[in-house]
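**Student:** Kindly return the folded structure for what I paste below:
(2 chains)
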Protein chains: 2
Amino acid sequence: LPVDVILVDARNYHTFQPLLYQVATAGLDGEDVCYPVRAIFGRQRNARIIMGEVVGGDLAARRIDLADGASLDYDELVLAPGAVTNSFGTPGVDRYAFGLKSLGDALRLRSHVLTCFERAEANPELIDGGMLTFVVAGGGPTGVELCGGLAELIDRPLRRDFSHLDVGKAKIILVEATDRLLRMLSPRSSESARSALGKRGVEVKLNAGVAEVGIDRVGLVDGTAIRSRTLVWAAGIKAHPLAASFGLETGRGGRVIVDDYLCVPGRPEVHAIGDLAASLSIDGSVIPQVAPVAIQGGKYTAWLIGERMQGRKPSPFRYRDKGTMATIGRHSAVAELPIGLKLGGAIGWAAWLLLHLIMLIGFRNRANVLVNWAWSYLTFDRASRIIIQRDETMTGTVVH
Amino acid sequence: LPVDVILVDARNYHTFQPLLYQVATAGLDGEDVCYPVRAIFGRQRNARIIMGEVVGGDLAARRIDLADGASLDYDELVLAPGAVTNSFGTPGVDRYAFGLKSLGDALRLRSHVLTCFERAEANPELIDGGMLTFVVAGGGPTGVELCGGLAELIDRPLRRDFSHLDVGKAKIILVEATDRLLRMLSPRSSESARSALGKRGVEVKLNAGVAEVGIDRVGLVDGTAIRSRTLVWAAGIKAHPLAASFGLETGRGGRVIVDDYLCVPGRPEVHAIGDLAASLSIDGSVIPQVAPVAIQGGKYTAWLIGERMQGRKPSPFRYRDKGTMATIGRHSAVAELPIGLKLGGAIGWAAWLLLHLIMLIGFRNRANVLVNWAWSYLTFDRASRIIIQRDETMTGTVVH
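**Tutor:** Numbering: from 1, shown residues only, chains lettered A, B, ... in the order given. Predicted structure coming up:
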């Protein structure tokens, strides 16, 4: 088709978010889950890539504005900035909690966890103050997978690394506001995940919400508090604030209201896809903010634009549920397919492994991930235990 | 031997410095060239590791002080903090130049180079202002290998990534103060390195020194200036300032004066090894600051301490020259062995590859490096083209 595609992204790489928890728990290198955008589109002559931040624009004039002052005119606009962490206004979360939505989040959490162990070994009295107590808020896939990863990191590699420390004193606490983990799955899978985490030493608190977080404590809604230096916030996301800067109508969680064609009502040339959009399934319910929805939405919108250009009338977007899975750790995962098939234990884990390898973009990243995973599997080791410190990181965009 | 070993390091990982230039040119991930210190010593029960910074101490009282206020008493003290970049007071270097001594240096340089290309494609007028002119000061192994790596990065992967940009306008300029590159090698190898760089489009300026550097220019001692946003300083190192904080006698480049046993004169229990020490060869000349000297010095000092504990009189340190090598790029390296053997071209390159794979600590890092190198070799691609930005990096030690 005779189209020109301009991709604007604040980063020069794509982040494979489902595996960020493995970066945070030292199972993968940060660069294993990132892939340069230009490496994907480099050979496509009608694609242009701009590394820049969209700060707003004028939909009536069909123009978007970038942070560096440049503007771009468009015929069709596809908004796909994703979601950001949502603290729901919980006091202290923005200041003290760790997120897990970006490469930076994952590297920061990894450095923090490893530094906590360094501090605790140098001064074991800090353990009573919560130096080795890791609280994770949110029992969705991110929270469950992170707890499983933390348990495996601590149980073997850190137990061996910190032989002068009583690593058994480390605690992982998963706090979930509702009555079960992984609510998108069946109660049986929820219970199976909970039991698998329990076997790995993770304390699961159901019907428990975080009320506030301070520098060395996590306060729960029932009035109790946990002494901890670490709260990971996996309890909520909201749509990227970009929607608001365009003045688009948004629903719950800041998600852009779209019609059956994933277009903004009244503006068929403005498309919203992925975590940003409140797309509806056939029964009228809002589709969850998960990767398969975003992938299908992206493919649909590209097809839609092509169909319209050729004067055809495309059919509405229909989400096809491919199932859901979450891994707890070695030989343990839960998966449910829409045909009613439920996988657990080692079979679920093998399915999870295979799917994630296939999904990771690019041969080379896959090969690296395979090497890292094979190494971890055979040796129980996690090789990426690198603490990145302030003096080693960027002080800004370095072009001067 | 009944000894307790305490290793104090400000970082929790060992950096394989000879390959930092590959991280800077996107050939390897940052974590490929780093290895957690605890993974090396985890199984050794008489070894303790402290992540901390030594700020000084009292040699008479046999005590060292850490930045966090703790102190350590010792029977034997081994100082091995290495070297840092030496600007020789050249105006602007500390502020504007990039170093290549740490993981942070390498990641910063990589992000900078890639960002320069992003900027130039968005605004080609910036090219005349030096946005794509990369100046490297210093024609030693670091400078030569970096120029070769930059040339390969630009020639293939970036030429394909930035198809809307005239990548042919990019310039790499190597500035060397003396009359040849790689002075530790024979004039024939120097000339061979220069010719190999020339074939890759690197402009080599001999007998040319950097006089000063500004935000968008590099001034040379002959009064001319190069418009450039990038100066990499590979023109000098000096011993770590730790020597000064102990009040030790130092020689040229801040290196600690040591006796034939790598001990501080008058203090046989204080050892200085590696880039920190001005150790002498048999003919009385100072041994260069290269990795083999550091490795041999470390092994010697461990042996020396053991010998003395057992009441034996050890022999002095004797450095065994294992030869020198530098790689220019694909199928091109120069190597000279002390037996008089000179290797060049593809054979030198194969020798370089093999040696560096063997030297990299740890099976897992080696396997990853092998995957990355095989991928780069087969595809001419460089997969680590990730720009890490400020918001994605640490804002400090994250334990709060």
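**Student:** hey, where'd the strands end up in the stretch 101-250 of chain A?
**Tutor:** For the stretch 101-250 of chain A, applying DSSP state E, counting those that start in this stretch gives strands covering A:133-137, A:171-175, A:202-205, A:210-213, A:217-220, A:225-227, A:230-233, A:237-239.
**Student:** what's the least confident stretch among these?
**Tutor:** The minimum mean pLDDT among the strands of the stretch 101-250 of chain A belongs to strand A:237-239 (a mean of 93).
**Student:** rewinding a little: for the strands of the stretch 101-250 of chain A, give me TSV that also has mean neighbour count.
**Tutor:** Every residue, glycine included, has its C-beta placed from N, CA and C. Output for the strands of the stretch 101-250 of chain A, formatted as TSV (neighbours: other CB atoms under 10 Å in any protein chain shown):
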stretch	mean neighbour count
strand A:133-137	26
strand A:171-175	23
strand A:202-205	19
strand A:210-213	20
strand A:217-220	20
strand A:225-227	17
strand A:230-233	27
strand A:237-239	23
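**Student:** of all those strands, which lies closest to chain B?
**Tutor:** Chain B sits nearest to strand A:230-233 of all the strands of the stretch 101-250 of chain A, at 8.5 Å, using CB to the nearest CB.
**Student:** and that closest one, does that touch chain B?
**Tutor:** No - Strand A:230-233 lies out of reach of chain B by CB under 8 Å from any CB of the partner chain, never closer than 8.5 Å.
**Student:** Mind listing residues that contact that strand?
**Tutor:** Applying CB atoms under 8 Å, 6 or more residues apart in numbering or on different chains, the external contacts of strand A:230-233 come out as A:85, A:87, A:93, A:96-100, A:109, A:112-113, A:116, A:130, A:133-138, A:143, A:146, A:210, A:213, A:218.
**Student:** Does A:Pro288 touch A:Arg183 like I think?
**Tutor:** No - if you go by CB atoms under 8 Å, A:Pro288 and A:Arg183 don't touch, sitting 10.1 Å apart.
**Student:** OK, contacts around A:Val167?
**Tutor:** Counting by CB under 8 Å, 6+ apart, A:Val167 touches A:Phe117, A:Leu132, A:Ile154, A:Leu158, A:Arg159.
**Student:** now the residue nearest to A:Ala243 when sequence neighbours are not counted: how far from chain B?
**Tutor:** Leaving aside its chain neighbours, A:Ala243 sits nearest to A:Val256 (4.7 Å; criterion: CB to CB, 6 or more residues apart in numbering or on different chains). Noted for A:Val256: a distance of 24 Å to chain B, by CB to the nearest CB, to the nearest Å.
**Student:** do the same with A:Ala83
**Tutor:** A:Ala83 is 16 Å from chain B, by CB to the nearest CB.
**Student:** Who does that residue form a beta bridge with?
**Tutor:** Beta-bridge partners recorded for A:Ala83 (DSSP bridges): A:Ala239.
**Student:** Measure how buried it is and give me the count.
**Tutor:** A total of 20 residues lie near A:Ala83 under the criterion other CB atoms under 10 Å in any protein chain shown.
**Student:** ditto for A:Ala278
**Tutor:** A:Ala278 has 21 neighbouring residues, counting by other CB under 10 Å.
**Student:** how about the helices in chain A?
**Tutor:** A:20-24, A:37-41, A:93-96, A:103-122, A:141-153, A:159-161, A:187-199, A:242-245, A:291-309, A:345-359, A:363-379 (DSSP state H).
**Student:** sorry, back to before: by neighbours, which of the contacts of A:Val167 wins?
**Tutor:** A:Leu132 (29 neighbours).
**Student:** thought it was touching A:Gly168?
**Tutor:** No - A:Leu132 is not in contact with A:Gly168 according to CB under 8 Å; the separation is 9.6 Å.
**Student:** Tell me who's in contact with A:Ala193.
**Tutor:** By CB under 8 Å, 6+ apart, the residues touching A:Ala193 are A:Val144, A:Leu181, A:Leu182, A:Leu185, A:Ala326, A:Ile328, A:Val334.
**Student:** Distance to A:Ile173 and pLDDT added to these, as JSON lines?
**Tutor:** Converted to JSON lines, these look like this (distance: CB to CB, whole Å; pLDDT from 0 to 100):
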{"residue": "A:Val144", "distance to A:Ile173": "13", "pLDDT": "97"}
{"residue": "A:Leu181", "distance to A:Ile173": "13", "pLDDT": "97"}
{"residue": "A:Leu182", "distance to A:Ile173": "17", "pLDDT": "95"}
{"residue": "A:Leu185", "distance to A:Ile173": "21", "pLDDT": "92"}
{"residue": "A:Ala326", "distance to A:Ile173": "18", "pLDDT": "90"}
{"residue": "A:Ile328", "distance to A:Ile173": "16", "pLDDT": "90"}
{"residue": "A:Val334", "distance to A:Ile173": "21", "pLDDT": "91"}
